[in-house]
Structure formats: structure tokens, C-alpha cells
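Peer 1: Here's my sequence, what's the structure:
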Amino acid sequence: MTTTTPTDHARAVLTRRQDEVLALSHQLHADPELAYEEHRSARRITDLVEAAGFDVTRGVCDLPTAFTATAGTGGLVIGICAEYDALPGIGHACGHNVNGAASVAAALVLAPLADDLGITVKLLGTPAEEFGGGKVDMLHGGAFDDVAAAMMVHAAPQDSVGLTSLAISSWKVGYTGRAAHAAAMPERGVNAADAMMIAQVAIAAYRQQMRPGSVVSGLVTSGGEAANVIPAHTTADYDCRADTAEELTELQARIRACFEAGALATGAELALETVGNDYADLRQDLAMGRSYLAAARALGRTVPDVDPNLRAGSTDMGNVSHVVPTIHPMIGYDSGDTIMHNPEFTRYGTTPQADRAVLDGGLAMAWTAIDLATDPAHREALLSRLTSRAPLGSA
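Peer 2: Residues are numbered from 1 along each chain as shown. Next comes the predicted model:
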């Protein structure tokens, strides 16, 4: 290591690497791919870090578009999560090109410092955050078993540190009844649309007793074919959200009972299918968050104090945070008056402000990792928690 400080060294490495990191962000943005289908995106990232000397394993945890890439041999494993999936029809309207490129930047910056810092840098390619939950698959597949601390940044209209998120589950609901002519022989029918209607009324009645913060939303995707035919099939998509994973389990039981009531009242058969993985609420590590906050402010960013009472959407990083000390700060850039998951947000993803978010987010994460590695209290706490943790991947 040179006589410069590790943080100075990190900044110098990023200066050398910034063109390829920003090119990666723009390439991801121009070629959006959907959940579990991010083959080109994963290849772009793995090719880049492999050329930089990382040991790359592709297709981990039986996910073709997931990967791990490691550098260094230290006992403190710092996991940096890279997201790169997009949204149907509106591309990177959640800014995952910024998220993924910032994580790659952090990994590239830390790699030449890893052995001197006593760390292993582990870049985790985590597909399908928008739909399905690749991090949950990788968590249960063992990819996080050796990770002492996990981090990523997420694109947003403004910076924030410490926020939480709602736990969420998604269902596909279907009723099967029996068709009959609505006038000639209605007594022979079993009305699947009535079953759905009864379930929706039951859910509406239950809203008064829901815990504050719980949300149930859905839409009917098919409900019959003709007014004079009793519908034999109806389908719907529904989401349940709650403040915590524990409250989500409680909510799911009550909403499932509402759908069962529709089947019981009409005689229709209910099919309820879970879509993807359930996402847990995000529980950020406040000590790590304060380290990131100091780093981001040192880079000249305006970031409010750590606030665990802030909430933003849902993320599969929540599941990671229940097992591994985790941070998931938001890295802001100008997006006019639009918000994430809005088509207009997509067009801001390669602006100079978004590029700065990539570089600042990557460097702030790298400086956070340096702080975790060099502060004895931080380091010991993380290693102690890792030692006492039961590996999910072996369960």
C-alpha cells in the first residue's frame, strides 16, 4: 500500500475506473432486461470484474443470471449487492442501472485494498428484485453465509439513510365454478365472479381492523365472458403489505380467509398461488448507516441524519437485513418532479447527476467498508455476529 490513506487510495482507483463504470451504467440502461432474464446485464458485469482480477462464479444458487465475484482473502467478508433487472415496458424506471454500477464501482475500488484491510470483497449479482426476489433465493442458497456485512445503494430523487420498507407478498387468485345460462338454467351454475365479489367485500370490511401500515391491493384480471353466462372462472392479482414480516404473516392469514369465504359461500373452488418470494421489512444497521452518512457527506452530498422511521416501498434486501448487518441508503439525483417506478424516471438514469450518483454511491460504500475494516469495534462486532449466526444455506 502507498503512503496515502486507504480512502485516498480508493478515490484514486475510482478516478482511474470511472469511465468504464459509467459506461456500464449507460449500457445497462440502454438494454433493460426483466427479472431472472438479465443474461446480458449479468455478463457485462461479470466480464468487467473478471478482467479486473475477481474470481467469478456464474449461475450461483441455481439462478442463471446470479453470480458472485470475490477479491482478497481477508476474514471480514464485505458483501456488495448489485441489482440490474428492469421493469416491464418502462425499463430502468427504478434506477437499477445506477444501483448495479455503483456496486461494481465499490467492488473495483476495494479490490486492490482488500488484503491490506484484511477483507474479502464479495460482489453479489442479485437478479429479480422487481419481481421474484433473487436475494431471497441467494440467501437460502448460501450465497450470504460468509458475508459479515451487506450493502448497496438505491437510486432515488433524494438521498436518505436508515429508512425501512414494508414487507410484501404477492398472490395470484383464481376461482373455478361452473358455467350455465344465466336465464335458462341459472340453478346449474356456480358463479366464480360472485366468489371474487364476496372475497372483495370481506377484504373491504376487514380494512377497518387492519393494523396501521397494512395495505391490501389488487385487481381482477378476468371475470367472465358474457353477461348471460354465469362465469366459470375468475382471476385476480393481489398484494399484501405490512410494517413487519411478522405482521405480514398475520395479514396473510386474514386475507386468505376472505378468499376462502368466497369459495365457501358460492361453492366455487379456490386456487391461491404465491408469486415469487415474500419480502421482509428492511432493518438497516444504524452503526453502518452512520459510517455511510459520514462518507456521503464527506463527498459533498446533502444527506439528512439517519432516520429509521422513513419508509420506501418494498425490497428483497429486507430479507438479507434480517440475517446480515445491512445498509440500503438511497442515492439521489435530479428527476424533475417524478418518482421511481414512473416512466419519466427512466429518462433521468444517464444524466450527469445520475452518473455522479453512481460514482458517489460506489465511493461512499467503499469508504464505509474501509471504516468497518479498520475500526476495531466495528470489525469485532461484525465478526462476532457472523460467528453466532446459523447459515441459512445449510438448512
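Peer 1: Could I get the CA-only coordinates of stretch 299-311 as PDB?
Peer 2: Output of stretch 299-311 as PDB, limited to C-alpha atoms (Å, rounded to 0.1, in the frame of the first residue of the first chain):
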ATOM      1  CA  LEU A 299     -18.200  13.700  -0.700                       C
ATOM      2  CA  GLY A 300     -20.300  16.900  -0.600                       C
ATOM      3  CA  ARG A 301     -23.700  15.200  -0.700                       C
ATOM      4  CA  THR A 302     -26.600  16.700   1.300                       C
ATOM      5  CA  VAL A 303     -27.900  13.800   3.300                       C
ATOM      6  CA  PRO A 304     -30.300  14.100   6.300                       C
ATOM      7  CA  ASP A 305     -29.500  12.400   9.500                       C
ATOM      8  CA  VAL A 306     -30.100   8.600   9.800                       C
ATOM      9  CA  ASP A 307     -33.900   8.200  10.200                       C
ATOM     10  CA  PRO A 308     -35.200   4.600  10.800                       C
ATOM     11  CA  ASN A 309     -38.800   6.000  10.700                       C
ATOM     12  CA  LEU A 310     -38.700   6.700   7.000                       C
ATOM     13  CA  ARG A 311     -40.300   4.100   4.700                       C
END
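Peer 1: Report the buried residues of it.
Peer 2: Taking 16 or more other C-beta atoms under 10 Å as the neighbour-count basis, stretch 299-311 is seen to contain the buried residues Leu299, Arg301, Val303, Val306. In this view, the C-beta of every residue, glycine as well, is placed from N, C-alpha and C.
Peer 1: Let me have those residues in JSON lines, adding distance to Ala357 and secondary structure as columns.
Peer 2: Formatted as JSON lines, these follow (distance: C-beta to C-beta, whole Å; DSSP: H, G, I helix; E, B strand; the rest coil):
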{"residue": "Leu299", "distance to Ala357": "11", "secondary structure": "coil"}
{"residue": "Arg301", "distance to Ala357": "9", "secondary structure": "coil"}
{"residue": "Val303", "distance to Ala357": "12", "secondary structure": "coil"}
{"residue": "Val306", "distance to Ala357": "19", "secondary structure": "coil"}
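Peer 1: And the strands in the stretch 251-395 of the chain?
Peer 2: 269-274, 326-327, 330-332 (DSSP state E, counting those that start in this stretch).
Peer 1: what do you get for the stretch 1-150 of the chain?
Peer 2: With DSSP E, counting those that start in this stretch as the criterion, the stretch 1-150 of the chain has strands spanning 55-58, 67-71, 76-82, 119-125, 149-151.
Peer 1: How about residues contacting the second one?
Peer 2: What that stands for is strand 67-71. Contacting residues not belonging to strand 67-71 are listed as 42, 45-46, 49-50, 52-60, 107, 110-111, 114, 120-125, 143 [C-beta atoms under 8 Å, 6 or more residues apart in numbering].
Peer 1: now with 7 Å?
Peer 2: 42, 46, 49, 53-58, 60, 107, 111, 114, 120-125, 143 (C-beta atoms under 7 Å, 6 or more residues apart in numbering).
Peer 1: same thing with the shortest one?
Peer 2: By C-beta under 7 Å, 6+ apart, the surrounding residues in contact with strand 149-151 are 78-81, 144, 288, 320, 324-327, 365, 368, 372, 382.
Peer 1: Widest-spaced pair of those residues?
Peer 2: The most widely separated members of those, counting by C-beta to C-beta, are Phe144 and Thr368 (17.8 Å).
Peer 1: buried ones in the longest helix along the chain?
Peer 2: Counting residues, the longest helix found in the chain (DSSP state H) is helix 6-30. For helix 6-30, burial by neighbour count (16+ other C-beta under 10 Å) applies to 6-7, 9-11, 13-14, 17-18, 21-22, 24-29.
Peer 1: Comparing the strands of the stretch 251-395 of the chain, which stretch has the densest surroundings?
Peer 2: strand 326-327 (a mean of 26; mean count of other C-beta atoms under 10 Å).
Peer 1: what's that strand packed up against?
Peer 2: strand 149-151, helix 286-298 (3 or more C-beta pairs under 7 Å, 6 or more residues apart in numbering; DSSP states H and E).
Peer 1: out of those, which comes closest to Val161?
Peer 2: helix 286-298 (4.9 Å).
Peer 1: The closest one - contacts with which helices or strands?
Peer 2: Contact here means 3+ C-beta pairs under 7 Å, 6+ apart; on that basis helix 286-298 packs against strand 326-327, helix 352-374.
Peer 1: Tell me who's in contact with the residue sitting furthest away from the middle of the chain.
Peer 2: In the chain, the greatest distance from the average C-alpha position (C-alpha atoms, centre = their mean) is reached by Ala184, at 52.3 Å. By C-beta under 7 Å, 6+ apart, Ala184 lies in contact with nothing.
Peer 1: quick one on the thing from earlier: including distance to Ala390, could the strands of the stretch 251-395 of the chain go into JSON lines?
Peer 2: Output for these, formatted as JSON lines (distance: least, C-beta to C-beta, whole Å):
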{"stretch": "strand 269-274", "distance to Ala390": "24"}
{"stretch": "strand 326-327", "distance to Ala390": "17"}
{"stretch": "strand 330-332", "distance to Ala390": "31"}
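Peer 1: related to what we said a few turns ago, just name the most buried of the helices and strands packed on strand 326-327.
Peer 2: strand 149-151 (a mean of 29).
Peer 1: how about whichever helix or strand comes after it: buried residues?
Peer 2: Sequence-wise, the next helix or strand downstream of strand 149-151 (DSSP states H and E) is strand 154-156. Within strand 154-156, the residues scored as buried using 16+ other C-beta under 10 Å are His154, Ala155, Ala156.
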